[in-house]
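In: For reference, the sequence and a predicted model appear below.
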Amino acid sequence: MTRVRSWGLGLLGLVVLGVVWEVYKAVGPDAGVKLGDRLVLPRTSDRAMPHLWDIASRLTEPALGRSGAPLWEVVGQACLFTLKIAAIGWVVGVVVGLLLALLMQRFRLAEAAVLPWVVLSQTVPLIAIAPLVRRWGSQLRIGSWAWDSQDSVAVIAAYLAFFPVAVGMLRGLKAPDATHLDLMRTYGVGWRTTLLRLRLPASVPFLLPALRLAAAAAVIGTVVAEVSIGLRGGIGRLVIEYAQAAGGDPAKPWAPILGAIVVGLVAAGFVALLGLSLKTYRRGEVGA
Amino acid sequence: MGSPKITRRTMLGRTGLAAAAVGLTLAGCGSSGDAAPGASASGSGEASLTPVKLQLQWVAQAQFAGYYAALDQGYYKEQGLDVSIVEGGPDIVPQDVLSAGDVDYAISWVPKVLGSIEKGAKITNVAQIFERSGTTQISFKSKGITSPADLKGKNVGSWGYGNEWELFAGMQKAGVAVGDIKLVQQAFDMNGFLAGDIDAAQAMTYNEYAQVLESENPDTGQLYTPADLNVISWNDVGTNMLQDAIWANSEKLSSDTAYQDQTTKFIKASIKGWVYARDNAQAAADVVTNAGSQLGKSHQLWQTNEVNKLIWPSTSGGIGMISDVAWSRTVGIAKGTKNETGATIISADPPETAKNMTYVEKALTELKSEGVDVEGKGFTPVTVTLEKGGA
């Protein structure tokens, strides 16, 4: 089965990563490798690179003090929190991206007008816009519902996630062969039918990698925005707070980083499941 | 950020769709937000409480123990205030949030705010909570750095972003130019210092200094001790600047009598919180931990205790009062000290509205008449044993 094989290979990749970590730690110089004045390979001391088993055993110890919830539980809850926000951001980003792609495909003028902005939007530094989004959002109030910082983080995630979808989907919608489009034209069907029967199915091989990229972007956007505005509850917040323990408890700051990896894997897994349901259309999928 | 309205309009044009879509998607799932627990105004019996938002300059930690204690002990409620504590983060600038009108009060360092005031922020220091500076430059004994003059030719760490001025002023006083040192950008953690990349690292007494003492010395297998370190305290050098203060909106202070009244009440309850933290260090540290801080427990208690030392005993006539000496020293350094790019924080004296002690004076008078000790002359710090990693 190719699927089993690809999952196996994925797992093998993780194992290899772990082995590389431990081997480099074992053979690399304690002070790292310097090129002139610049450190090009990291230090290998226990403080800079704790053993993987130390990180694992740290996860089972209490997060704070000598008793209380174990670290894995605290990080696990933060993962769920971050995953939820990333999922909202992903959904919003995908919807916006799809709509933009449709708009750009339908109207050549829209493509000329919007596409440069779509590209430009990704050059805005995230850490600059996160506090602004939070501040503007805090003035929003619709009935009894008031904007809060979580919503700002979701917007940032969506802001990163819509881009690959808009670009990928646009390419996908334009993917049908000219002969197929001509055929549709000879049938005399309109834009909508062409879209449903030809363009949408043809776009799937482009859409799925775009969705995967969007999932990764949403997770990164969520964590970075959480760090940026210090949002309580998520992985980003733990990254900030656990950084303090880097000197005395070196394994601890790695816990939220592992958490972020888990969130990323779950998100990617979800998109893979989504891909299964669109299996019929996945001919000649292009790599992401 | 000079013209937020224009920026906002263009941004809305670009992300209008995204914003609208998010609005629709999220309209149904009203979430509790980042306000501190116990801060909702929905209870029917609390309908008369005035909602107040306080912006911190970092995430929940014992540096803000007094405010969390005031919330936990119901001191704000006593004053008819329903206070939400809004946490900060790496990219949150409290004085910007305050001058944008998103919160009612903010905690920030005086030099950082003086710069914002010169750029047009209309905010006022209404209570100088920390009397002393918690900033130090620490080094291992072997480096032989005991005074600012010894920094010459060394790798000197700083976080930058307005945390460097006391260091530069201290060096300037000792005749060390900014070009005489190698300025190293310091991270959140002390690994650069522990690994030897930084000879003298910036350290707050209540935070990074403890981080070092929570770390294992690879040579001995034991934790580092104060005996391993030299500490240059800017309080001793005489280039200390005023740090955590409560800032309020200047325009509302000058026109809105309800806000003036509320300011006195807010300061009064906050001071009561700080008195509680002084007299119950362990309990106050626990309050902060329960409010969601992820700092280790011994680290949290250490921080509470060190912050207490920055406040108590008060020599300015009661917590919150600014001594003229400290204020003019802070302003003087802000005007006269140049950083690595040759810039100063401010070019002229701050306006009169930069500080206003009316409200804290009133709060102190009321507290004294209630028998609260607002000077803490008899304050003795507790002894804190730091555990490995601050656990």
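Out: That came in fine, so what should we check first? Numbering: from 1, shown residues only, chains lettered A, B, ... in the order given.
In: centroid residue for chain B?
Out: residue B:244 (4.0 Å; CA atoms, centre = their mean).
In: for the nearest residue to that residue once chain neighbours are set aside, helix, strand, or coil?
Out: Distances taken as CB to CB, 6 or more residues apart in numbering or on different chains place residue B:130 nearest to residue B:244, at 4.3 Å, with adjacent residues excluded. For glycine as for every other residue, the C-beta is placed from the backbone atoms N, C-alpha and C. Counting by DSSP: H, G, I helix; E, B strand; the rest coil, the backbone at residue B:130 sits in coil.
In: Can you give me every residue that contacts residue B:130?
Out: B:242-245, B:307, B:310-311 (CB atoms under 8 Å, 6 or more residues apart in numbering or on different chains).
In: quick check, nearest of these to residue A:213?
Out: Among the contacts of residue B:130, residue B:244 lies closest to residue A:213 (CB to CB), at 43.4 Å.
In: quick one: contacts for the closest one?
Out: Neighbour list for residue B:244: B:57, B:63, B:107-109, B:129-130 [criterion: CB under 8 Å, 6+ apart].
In: Pick the one among these closest to residue B:137.
Out: residue B:109 (16.9 Å).
In: Please list the outside residues in contact with the host helix or strand of residue B:76.
Out: Per DSSP states H and E: residue B:76 is located in helix B:75-78. Outside helix B:75-78, the residues that touch it by CB under 8 Å, 6+ apart are B:46, B:49, B:52, B:69-70, B:82-83, B:266, B:269-270, B:272-273, B:276.
In: All the strands of the chain, residue numbers only.
Out: All of this is about chain A. Along chain A, the stretches classed as strands by DSSP state E are A:33-35, A:38-41, A:141-142, A:145-146.
In: Oops, wrong one, chain B.
Out: B:50-55, B:81-86, B:105-108, B:123-127, B:135-140, B:155-158, B:182-185, B:200-204, B:229-233, B:245-249.
In: Of all the ones you listed, which one is nearest residue A:278?
Out: strand B:81-86 (43.3 Å).
In: So is the closest one next to chain A?
Out: No. Strand B:81-86 does not reach chain A (CB under 8 Å from any CB of the partner chain); its nearest approach is 8.6 Å.
In: Run the chain-centre distance for that strand.
Out: Computed by CA atoms, centre = their mean, to the nearest Å, the chain-centroid distance of strand B:81-86 equals 17 Å.
In: how far off strand B:50-55 does that strand point, in degrees?
Out: Angle, strand B:81-86 to strand B:50-55, by axes from the mean of the first three to the mean of the last three CA atoms, to 10 degrees: 30 degrees.
In: Now do strand B:81-86: which elements does it pack against?
Out: strand B:50-55, helix B:65-72, helix B:257-279 (3 or more CB pairs under 8 Å, 6 or more residues apart in numbering or on different chains; DSSP states H and E).
In: Now that we're looking at residue 224, what pLDDT does it have?
Out: You didn't pick a chain, so chain A it is. As predicted, residue A:224 sits at a pLDDT of 91.
In: Sorry, I should have been clearer: chain B.
Out: Reported pLDDT at residue B:224 in the predicted model: 95.
In: Wait, it touches residue B:212, no?
Out: Yes. Under the criterion of CB atoms under 8 Å, residue B:224 makes contact with residue B:212 at 5.5 Å.
In: The two: which has the busier surroundings?
Out: More neighbours surround residue B:212 than the other of residue B:224 and residue B:212, with 24 against 20 (other CB atoms under 10 Å in any protein chain shown).
In: how about the more buried one, what does it touch?
Out: A:247, B:138, B:190, B:193-194, B:203, B:224, B:229.
In: Closest one to residue B:158 out of these, please.
Out: Closest to residue B:158, out of all of those and judged by CB to CB, is residue B:203, at 10.6 Å.
In: tell me which residues form a beta bridge with that closest one?
Out: Using DSSP bridges, the beta-bridge partners of residue B:203 come out as residue B:136.
In: Would you quantify the distance from the residue nearest to residue B:244 to chain A?
Out: 20 Å (CB to the nearest CB, to the nearest Å).
In: that older thread, out of the strands of chain B, which gets nearest to residue A:184?
Out: Here strand B:81-86 is closest among the strands of chain B (CB to CB), at 56.0 Å.
In: residues near the residue nearest to residue A:245 when sequence neighbours are not counted, how many?
Out: Nearest residue to residue A:245, sequence neighbours excluded (CB to CB, 6+ apart): residue A:252, at 4.4 Å. Residue A:252 is flanked by 28 other residues according to other CB under 10 Å.
In: How many residues are close by the spatially closest residue to residue A:65 that is not a sequence neighbour?
Out: Once flanking residues are discounted, residue A:65 sits nearest to residue B:297: 3.7 Å by CB to CB, 6+ apart. Counted with other CB under 10 Å, the neighbours of residue B:297 add up to 21.
In: In contact with residue B:297, which residues?
Out: Counting by CB under 8 Å, 6+ apart, residue B:297 has contacts A:64-66, B:285, B:289, B:387, B:390-391.
In: now, among the residues you listed, which is nearest to residue A:37?
Out: residue B:390 (32.1 Å).
In: Look up the pLDDT of the closest one for me, please.
Out: 87.
In: So it sits against residue A:247, correct?
Out: No. The criterion here is CB under 8 Å, and residue B:390 misses it with residue A:247 at 9.3 Å.
In: what do these two both touch?
Out: B:211, B:214.
In: Centre-most residue in chain A?
Out: Chain A, centroid-nearest residue using CA atoms, centre = their mean: residue A:216 at 1.9 Å.
In: ok, residue B:261 - how many residues close by?
Out: Quick note: residue B:261 (other CB under 10 Å) scores 15 neighbours.
In: any idea how far it lies from residue B:365?
Out: 15 Å (CB to CB, to the nearest Å).
In: Residue B:170 now?
Out: 37 Å.
In: Comparing these two, which residue is more hemmed in?
Out: residue B:170 (26 against 14).
In: Residue numbers of the stretch 251-391 of chain B in contact with chain A?
Out: So the stretch 251-391 of chain B meets chain A at B:289, B:292-299, B:387-391 (CB under 8 Å from any CB).
In: what sits against the residue of the stretch 51-200 of chain B found nearest chain A?
Out: Nearest residue of the stretch 51-200 of chain B to chain A, counting by CB to the nearest CB: residue B:89, 2.3 Å away. Residue B:89 makes contact with A:131, A:227-231, A:240, B:58-59, according to CB under 8 Å, 6+ apart.
In: Highest neighbour count among those residues?
Out: residue A:231 (29 neighbours).
In: The nearest residue to it once chain neighbours are set aside: neighbouring residues, count only.
Out: Spatial nearest neighbour of residue A:231, excluding adjacent residues (CB to CB, 6+ apart): residue A:149 at 5.2 Å. Neighbourhood size, residue A:149 [other CB under 10 Å]: 27.
In: how near is residue A:106 to chain B?
Out: Where chain B is concerned, residue A:106 sits at a distance of 15 Å (CB to the nearest CB).
In: how about the helices and strands packed on strand B:81-86, which one is nearest residue B:117?
Out: Of the helices and strands packed on strand B:81-86, nearest to residue B:117 by CB to CB is strand B:50-55, at 16.2 Å.
In: What pairs with the closest one, parallel or antiparallel?
Out: Short version: by DSSP bridges, strand B:50-55 pairs with strand B:81-86 (parallel), strand B:105-108 (parallel).
In: Now for residue A:184: which residues touch it?
Out: Contacts of residue A:184 (CB under 8 Å, 6+ apart): A:193-194, A:197-198.
In: how about the strands paired with strand B:50-55 in CSV, adding distance to residue A:72 and mean pLDDT?
Out: As requested, those are exported to CSV (distance: least, CB to CB, whole Å; pLDDT from 0 to 100):
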stretch, distance to residue A:72, mean pLDDT
strand B:81-86, 28, 96
strand B:105-108, 34, 97
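In: Of these, flag the one that's most buried.
Out: Most buried of the strands paired with strand B:50-55 by mean neighbour count (mean count of other CB atoms under 10 Å in any protein chain shown) is strand B:105-108; its value is a mean of 26.
In: how near is residue A:72 to residue A:55?
Out: For residue A:72, the distance to residue A:55 - CB to CB - is 11 Å.
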